[in-house]
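**Q** My questions concern the predicted model and sequence given below.
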Amino acid sequence: MLNKALLPALVLAASQALAQQPTLNLFPTRVVDSIQQTTEVAQQMETEIQSVLTELDRQYELFESANCADAQSDAGCVTLRRDVAESYQQMLDIMARDLPKMKEIVAEARVGMGEKIRRELGQRRSAKDLQALLQANDGRSLDDIRRRRAATGNRMRMSEKFRQYAQLVSTTQNETSLTLLAADFYLDLDETDALIEFAQQEVTRAKVIGQIDLAMGGFTPQMLGNISNIKRMLFGSSEDGPVLPMPAPAIEDVEDNDWVM
Amino acid sequence: MRSFFKGSSVLASFVVVAACASTSPEPVATVDCTGPDANSLAAGIAQVKERLGEPGCMSRYDRYYEDLLAIGESDPGSQNKKVMRDFIAWSHEQGLIGRQKGKEMYTRYFHPNFVSLPDGFSACSSMCPARTAIERDMKTELSQKYRGAVGILGDKDAYRKIDMQYNGLLLLMDATCQACADGNRS
């Protein structure tokens, strides 16, 4: 009897507790700051490298038009070859200077996001709860994200990618959209971290080889390949299709009581 | 023992002779447990209900459900959702299936939720260690949902949403399990 009397009150209390559950916020302030910082550092690095690349392009055009590849002993070509190699070294120096800072910021953001996601999604929620989170979206904001991402192509400038994340985090209100955005961002940070590490190794290797080539007055096809890789890594390529996953839209007709026996 | 068989043989012979001698034998009741052969889902369900009324056919319940899904595919339409739901509810009322099984049968084909996901306990402890098996089951369930939404209900838009739900879930699972693994490492 007592149980029967208590039951409605307990149900009411439980539903109130659910209603009062704090909003799921997977983007801690320090992560938002990190996104901003990464954008700025990446932007600065890209701007500096872009100017070196412009100079390199100009030098290489001269190198080609003067047929310097076949004129090993020509004094002008020797100077030109040395100029190209120096610009190349300058580009590597900029990367060697900025990449560790970027790696540090990205790693910090990754740790912050990882802690949040682990606590809020991994420890406080079951797999079925994750499914329920997806059903609470209004669909519109997710469609916006999907359209934006489909339009950006596979790779984009690192700074642009982080700028877009910062913008999405600040403008997205819907909890489900933010949850998917957080998941996507966290996985992207993982990839970015690996990419930066790879770039650092490549820069170190290229610097060593470049210095040897420079000492011998050379400009090698290997350098051209590296320049091309750096361009692709920093400034992107849209050849491979969309890379950012598409979030789920609203499931309009999902109801727990859709089938009740 | 040997004399018993001998006696049984004599008795059986007597029964056969008696049956042959009779001018109007009693019809032997046979139980028809064959699957439904109707063209519409409603008619198929009527046949299945009749078969399930026979005690000997109850064990074929799962096979009948599969037959009904096949009939639904040959006659798709949104009305099939309610017809199937009513049939499952009837099955439960008749004591043929439990509530949980009924809910799962319906959800697997006609609801966006994935029953393959484990419930209870934290995602880190229950979902991530069994991730490969869960994803395999979800993939199977996705094809069942395709059959239900597109094949039986003829609703491609509903399936598009289910597919999005599936991809969203995989994304959340990826990130969550990565975060859980990172936490274990640190």
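**A** Cool, got the structure. Being a predicted model, the structure only gives us computed values, none of them experimental.
**Q** all strands for chain B, in order.
**A** For chain B, strands defined by DSSP state E do not occur.
**Q** Need the per-residue pLDDT for residue A:166.
**A** The model reports residue A:166 with a pLDDT of 85.
**Q** measure the closest residue to it other than its chain neighbours to residue A:58 for me?
**A** Spatial nearest neighbour of residue A:166, excluding adjacent residues (C-beta to C-beta, 6 or more residues apart in numbering or on different chains): residue A:35 at 4.7 Å. Any C-beta I mention is one placed from the backbone N, CA and C, and that applies to glycine too. Separation of residue A:35 from residue A:58 (C-beta to C-beta, to the nearest Å) stands at 35 Å.
**Q** and the two? which has more neighbours close in?
**A** Shown here are residue A:35 and residue A:58; by other C-beta atoms under 10 Å in any protein chain shown, residue A:35 has more neighbours (26 against 13).
**Q** show me where pLDDT drops low in the stretch 1-150 of chain A?
**A** A:1-23, A:136-150 (pLDDT under 70).
**Q** try 50 this time
**A** A:1-20, A:141 (pLDDT under 50).
**Q** circling back: got phi/psi on the residue nearest to residue A:166?
**A** With angles defined as degrees, to the nearest 10, residue A:35 sits at phi -60, psi -40.
**Q** Which helix runs longest in chain B?
**A** helix B:156-185 (DSSP state H).
**Q** quick one: buried residues of it?
**A** If you call a residue buried by 16 or more other C-beta atoms under 10 Å in any protein chain shown, then helix B:156-185 has these buried ones: B:158-159, B:161-180, B:182-183.
**Q** If you count contacts, what does it end up packed against?
**A** Under the contact definition 3 or more C-beta pairs under 8 Å, 6 or more residues apart in numbering or on different chains; DSSP states H and E, helix B:156-185 sits against helix A:75-117, helix A:127-135, helix A:175-215, helix B:131-146.
**Q** wait, what's in contact with the closest residue to residue A:235 other than its chain neighbours?
**A** Leaving aside its sequence neighbours, residue A:235 sits nearest to residue A:157 (C-beta to C-beta, 6+ apart; 5.5 Å). Listed by C-beta atoms under 8 Å, 6 or more residues apart in numbering or on different chains, the contact set of residue A:157 reads A:42, A:46, A:234, A:235, A:236.
**Q** So which of these belong to helices?
**A** A:42, A:46, A:234, A:235.
**Q** can you pull the contacts of the first one?
**A** Under the criterion of C-beta under 8 Å, 6+ apart, the contact partners of residue A:42 comprise A:102, A:157, A:158, A:159, A:162.
**Q** So the third one sits against residue A:232, correct?
**A** No - the pair residue A:158 and residue A:232 does not pass the contact test of C-beta atoms under 8 Å, sitting 11.6 Å apart.
**Q** isn't residue B:48 right up against residue B:69?
**A** No - Residue B:48 is beyond contact range of residue B:69, at 11.5 Å (criterion: C-beta under 8 Å).
**Q** Which of those two has more residues huddled nearby?
**A** Per other C-beta under 10 Å, whichever of residue B:48 and residue B:69 has more neighbours is residue B:48, with 25 against 20.
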